[in-house]
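**Q** When you get a sec, could you give me coordinates for this:
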Amino acid sequence: MPNSFPRILVAFVMTLGLVLLGGSPASAATASSSGPGIDVSWPQCGQALPKQPVFAIVGVNYGLANNTNPCLASQLAWAKTALSPAATPQPRVALYVNTANPGRQGSWWPKSNTYDGVKVTNPYGSCAAGTFKACSYMYGWAKASDDAKRRGVSNPQSYLWWLDVETENTWQTDKAANVAVLEGMTAYFKRIGARVGLYSTSYQWGRIAGTVKSTSPLAGLPSWLAGAGSAAGAKANCALPGLTPRSRVTMTQYISRGLDYNRSCS
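**A** Alright, predicted model coming up:
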């Protein structure tokens with residue numbers, strides 16, 4: 001999430017990229033008349049947070065996929081008590097998690113199709129045999145499992161979990177393997193009964209995942225688009241195509257006074 005000057009710069013570049021890439025927009029989503037929501041995470045630790053946003057999305061990690069936001073508990077408590085009573089089509093409180101594919105250079109990399117005592121049905125074959133896409137899938141599954149079980153989130157199945165897909169994190173040049181990570185995460189969250197969405201921009205998504213097959217579990221997941229520098233820009237971005245086949249843009253993000261605000265598109 002863009003919460004610092006480098007990320008604001010990235011957001012500007014991504015917005016420019018969207019303009020340059022062009023393409024035929026999907027049918028425009030109906031913008032919500034309710035006020036904006038806000039997303040917060042570790043950059044807001046210790047800061048006074050806005051009162052009564054309409055909805056909130058809280059970051060689970062501390063910038064990387066393998067750690068925990070030190071303010072997760074307090075920010076979740078804020079999100080559950082400080083929201084406006086206004087109606088919104090968005091979940092009142094949702095979560096987002098960092099994603100990555102460090103490959104074998106990571107501090108941890110799976111060696112089998114089993115994690116935390118669960119034998120996972122892997123569509124890419126055997127990680128024990130060293131199949132890279134299979135191990136990428138297991139890496140995603142494991143990170144999602146950790147997010148649900150080891151970060152201090154109560155009732156993880158009750159949330160919508162947004163997968164934060166950004167070039168700031170470590171990815172492979174093998175886009176199919178990167179997609180496998182995201183599919184593994186999606187599979188885990190769906191296994192526990194949670195909902196899943198995708199956060200990125202078309203520029204970053206293209207760099208990391210490329211074109212996703214219509215048969216992928218990522219197809220049809222809701223899209224949350226970043227890249228806008230104003231509320232008006234966020235409203236316009238509601239009409240952009242989703243990140244995967246059959247995906248609809250349900251929310252867009254913009255930056256105001258150093259905070260991330262979000263507009264519902266439905």
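**Q** quick one, helices of the stretch 51-200 of the chain?
**A** Remark: helices assigned in the stretch 51-200 of the chain by DSSP state H, counting those that start in this stretch are 72-81, 132-149, 175-191.
**Q** Looking at those, which is nearest to A232?
**A** Comparison of the helices of the stretch 51-200 of the chain against A232 by Cβ to Cβ identifies helix 72-81 as nearest, at 25.9 Å. Glycine gets a C-beta too; all of them are placed from N, C-alpha and C.
**Q** That closest one - what's its average pLDDT?
**A** For helix 72-81, the mean pLDDT works out to 95.
**Q** quick one: buried residues of it?
**A** Across helix 72-81, burial judged by 16 or more other Cβ atoms under 10 Å covers L72, Q75, L76, W78, A79.
**Q** With adjacent residues omitted, what lies nearest to A100?
**A** N169 (4.0 Å; Cβ to Cβ, 6 or more residues apart in numbering).
**Q** Kindly report the same for A148.
**A** Distances taken as Cβ to Cβ, 6+ apart put P156 closest to A148, at 3.9 Å, once the chain neighbours are dropped.
**Q** right, and that neighbour touches I192 too?
**A** Yes. At 6.2 Å, P156 counts as touching I192 under the criterion of Cβ atoms under 8 Å.
**Q** okay, now A226: neighbour count?
**A** When neighbours are counted by other Cβ atoms under 10 Å, A226 registers 29.
**Q** So it: helix, strand or coil?
**A** strand (DSSP: H, G, I helix; E, B strand; the rest coil).
**Q** Pretty sure it sits against T201.
**A** Yes. The pair A226 / T201 is scored as a contact, 5.3 Å apart, by Cβ under 8 Å.
**Q** rewinding a little: overlap of the contact sets of P156 and I192?
**A** Residues touching both P156 and I192 (Cβ atoms under 8 Å, 6 or more residues apart in numbering) are A148.
**Q** okay, the two: which has more neighbours?
**A** Shown here are P156 and I192; by other Cβ under 10 Å, P156 has more neighbours (19 against 16).
**Q** Contacts only, for the more buried one.
**A** Shown in contact with P156 (Cβ under 8 Å, 6+ apart): D147, A148, K149, I192, A194.
**Q** thinking again about what came up before, now distance to L95 too, for the helices of the stretch 51-200 of the chain, in a markdown table please.
**A** Below are the helices of the stretch 51-200 of the chain laid out as a markdown table (distance: least, Cβ to Cβ, whole Å):
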| stretch | distance to L95 |
| --- | --- |
| helix 72-81 | 8 |
| helix 132-149 | 8 |
| helix 175-191 | 10 |
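**Q** Those: which one's closest to A234?
**A** Of these, nearest to A234 by Cβ to Cβ is helix 72-81, at 20.1 Å.
**Q** So which elements touch that closest one?
**A** Where contact means 3 or more Cβ pairs under 8 Å, 6 or more residues apart in numbering; DSSP states H and E, helix 72-81 is packed against strand 37-40, strand 56-59, strand 93-98.
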